[in-house]
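Asker: sequence and computational prediction follow.
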Amino acid sequence: MRIEPSASLARLGQAASERGAVIYNVGGAVRDRLLGFEAADDDLAGPKQPQELARLHLPGTTVLDPVNGLGTALIHCRQGEEKEVYEYTAFRTDSYGRDGRHLPEDVCFTDDITMDARRRDFTVNALYVRLPDGEVLDPTGMGLADLKAHVLRMTRPDTLTEDALRILRLIRFAAALGFEVEPETLRAARDQAPALRDISWERIQAEFFRILLGDTVYGRREAVADALYMMRDLGVLEYVLPELTEGRGFAQSPEYHCYDVLDHQIETCAAAPPELTVRLAALLHDISKPEAYRRDGNMHAHPELGSERARQVLRRLRAPRQLISDVAELVEHHMFDLTNEAKSKAVIRRINALGREQFERLADLREADFAGSGRQQKALSAEKWRKVLAGLEKDNVPLTVSGLAVSGHDLMRELHIKPGPVLGEILGQLLEHVQLRPSQNNYKSLIKYAKMIAAGSAGADRSASETS
């Protein structure tokens, strides 16, 4: 069996071959091309260490060896204006400690392709394409058969023991590709789940966030739900998102929900658009229902409690600060207008408070929440919100203070005030004013209204001072 390599890879392989070396394309790119998908990143491997490869002086090629002792390097290939960069790893065997780092404790280099294949995670990821002729090699003897059967199998019995993060990779591949997991591999994943405690949160976060967007890779719509249910059933959630497991078996009103709290959050996440902020908010939006019920005997406070819980979860996962803030805000507001009784004025105020991007995410979350109930109810409130937003845009109503006919500098000059909270408060009130009365968005009207606001604030300040 052969795969036609890209022109860049073929040139690199030919140049190496002419100098007595051999380079292979290996891993996910090979798997994906054999499955008929477009490959993203091409990884390379071969028996020569980077220093040896660099000494060959391959034409149009620069080998950058980080000298980290792991046999990895970046190969820069140039052909005219075109430039490709590949990661190259020398054939090796390695072993990892249990400190959660992605650096092997012991590395042994080899020229044996079978030994190199057995250090990889799954047989379908241990397929090699020899360059430049494109011959496909299957050193484990099972990779091609497993690929044809759509099966994920460990390359050896201690694959998951060696690096527990591979459990999350197993789940991601199985769900995204729609593959079955071979029984021994599935059993090993369940048995080794507690070892995820030894993996750094940074590595867990990177893999978990890829799981939440797994449907975008190969277009398999069921990928996100399948992955999250696998995490639940294999006991993996207990070590990645233990807070979610509190919702397992926690029943909800059958009038509105087909699922317990945990499964509802999984279904909501899967129904959300493929954007990480919305997916995370969907997965975490009801995370504090059990906590609220234990505390109050009802779940009314779960949005506020859930917002803080979401912050704690995402901080632990080492998520970026803005992502944490956005997700927590969506969780806090996800019950707004649940009964679809809010008037346009209240909706406009919510748009003003959240900003357009977050408000649209809130509408996405509401629709996913209803879809995730299993009751096939339409999110009429979200439809209304979108109509209100579209109406504002149609009438060119500003959605941010930058669209006002006055600026902060104008207000400081006309009102004789300095930068600070008062200025921000006046701008916010002006924005809300013109959103409700678009014709008022002109300099004269806004300055007049701003002076009324300032006078009212001054009067309120005087009253408060006299009272105290």
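Answerer: Received, thanks.

Asker: can you show me the helices along the stretch 351-468 of the chain?
Answerer: Listed from the start of the chain, the stretch 351-468 of the chain has helices (DSSP state H, counting those that start in this stretch) covering 356-371, 380-394, 408-415, 421-436, 443-467.

Asker: adding distance to A175, write these out as JSON lines.
Answerer: For glycine as for every other residue, the C-beta is placed from the backbone atoms N, C-alpha and C. Shown next, in JSON lines, are the helices of the stretch 351-468 of the chain (distance: least, C-beta to C-beta, whole Å):
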{"stretch": "helix 356-371", "distance to A175": "18"}
{"stretch": "helix 380-394", "distance to A175": "27"}
{"stretch": "helix 408-415", "distance to A175": "49"}
{"stretch": "helix 421-436", "distance to A175": "43"}
{"stretch": "helix 443-467", "distance to A175": "53"}
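
Asker: and those, which is most packed in?
Answerer: helix 356-371 (a mean of 21; mean count of other C-beta atoms under 10 Å).

Asker: and that one, how far out from the chain's middle?
Answerer: Taking C-alpha atoms, centre = their mean, to the nearest Å, the mean C-alpha location of helix 356-371 is offset from the chain mean by 17 Å.

Asker: just stretch 5-20 next, same as before
Answerer: What separates the centre of stretch 5-20 from the centre of its chain is 36 Å, taken as C-alpha atoms, centre = their mean.

Asker: so for it, mean pLDDT?
Answerer: Averaging pLDDT along stretch 5-20 gives 94.

Asker: sticking with E238, tell me its helix or strand.
Answerer: Following DSSP states H and E, one finds E238 within helix 237-240.

Asker: contacts made by that helix with the rest, please.
Answerer: With C-beta atoms under 8 Å, 6 or more residues apart in numbering as the test, helix 237-240 has contacts from 168, 193-194, 196-197, 204, 208, 228, 231, 244-245.

Asker: select only the buried ones of these in ChimeraX?
Answerer: Selecting just the buried residues from the contacts of helix 237-240 in ChimeraX takes one command, with 16 or more other C-beta atoms under 10 Å as the test:
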select :168,193,196,204,208,228,231,244,245
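
Asker: all helices of the stretch 201-350 of the chain, in order?
Answerer: With helices called from DSSP H, counting those that start in this stretch, the stretch 201-350 of the chain shows them at 201-212, 215-218, 223-233, 237-240, 242-245, 261-271, 276-284, 289-296, 302-316, 321-333, 344-354.

Asker: deepest of these, which one?
Answerer: With neighbours defined as mean count of other C-beta under 10 Å, these peak in mean count at helix 276-284, which reaches a mean of 26.

Asker: could you dump it to CSV, C-alpha only?
Answerer: Output in CSV follows, covering the C-alpha atoms of helix 276-284 (Å, rounded to 0.1, in the frame of the first residue of the first chain):
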residue,chain,number,x,y,z
LEU,A,276,-15.3,26.9,23.4
THR,A,277,-16.8,29.6,25.6
VAL,A,278,-20.4,28.5,24.9
ARG,A,279,-19.5,24.8,25.1
LEU,A,280,-18.0,25.3,28.6
ALA,A,281,-20.9,27.5,29.8
ALA,A,282,-23.3,24.8,28.5
LEU,A,283,-21.4,22.0,30.3
LEU,A,284,-21.2,24.0,33.6
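
Asker: tell me the helices and strands packed up against that helix.
Answerer: Packed against helix 276-284, as judged by 3 or more C-beta pairs under 8 Å, 6 or more residues apart in numbering; DSSP states H and E, are the following elements: helix 201-212, helix 261-271, helix 302-316, helix 321-333, helix 356-371.

Asker: quick one: closest of the ones you listed to G141.
Answerer: When the helices and strands packed on helix 276-284 are compared by C-beta to C-beta, helix 201-212 sits nearest G141, at 28.1 Å.

Asker: now do the closest one: distance to the chain's middle.
Answerer: Going by C-alpha atoms, centre = their mean, the spacing between the C-alpha centre of helix 201-212 and its chain's C-alpha centre is 7 Å.

Asker: residues in contact with it?
Answerer: Counting contacts by C-beta under 8 Å, 6+ apart, the residues outside helix 201-212 that touch it are 100, 102, 165, 168-169, 171-172, 175, 196, 224, 227-228, 231, 240, 269, 276, 279-280, 283, 316-319.

Asker: now do stretch 423-437
Answerer: With contact meaning C-beta under 8 Å, 6+ apart, stretch 423-437 is reached by 345, 348-349, 351-352, 392, 397-401, 404, 406, 408, 411-412, 415, 417, 440-441, 446, 449-450, 453-454, 457.

Asker: if you skip the residues just before and after it, what's nearest to N298?
Answerer: On the basis of C-beta to C-beta, 6 or more residues apart in numbering, the spatially nearest residue to N298 that is not a chain neighbour turns out to be A292, at 7.1 Å.

Asker: tell me the mean pLDDT for the helix holding E238?
Answerer: The predicted model gives helix 237-240 an average pLDDT of 97.

Asker: in this structure A225 contacts I266, no?
Answerer: Yes - taking contact to mean C-beta atoms under 8 Å, the distance of 6.0 Å between A225 and I266 places them in contact.

Asker: about what we covered before: TSV please, covering the helices of the stretch 351-468 of the chain and showing distance to K148 and mean pLDDT.
Answerer: Supplementary listing: the helices of the stretch 351-468 of the chain in TSV, determined by distance: least, C-beta to C-beta, whole Å; pLDDT from 0 to 100:
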stretch	distance to K148	mean pLDDT
helix 356-371	35	97
helix 380-394	44	95
helix 408-415	65	94
helix 421-436	59	91
helix 443-467	69	69
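
Asker: re earlier: just put the helices and strands packed on helix 276-284 in TSV and tack on distance to P139.
Answerer: Shown next, in TSV, are the helices and strands packed on helix 276-284 (distance: least, C-beta to C-beta, whole Å):
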stretch	distance to P139
helix 201-212	25
helix 261-271	37
helix 302-316	39
helix 321-333	40
helix 356-371	44
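
Asker: sorry, back to before: and the contacts of helix 237-240 as a markdown table, adding pLDDT and distance to T62?
Answerer: Listed next are those as a markdown table, based on pLDDT from 0 to 100; distance: C-beta to C-beta, whole Å:
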| residue | pLDDT | distance to T62 |
| --- | --- | --- |
| L168 | 98 | 34 |
| A193 | 97 | 43 |
| P194 | 96 | 44 |
| L196 | 96 | 39 |
| R197 | 95 | 41 |
| I204 | 97 | 34 |
| F208 | 98 | 35 |
| L228 | 98 | 43 |
| M231 | 98 | 42 |
| L244 | 96 | 47 |
| T245 | 96 | 50 |
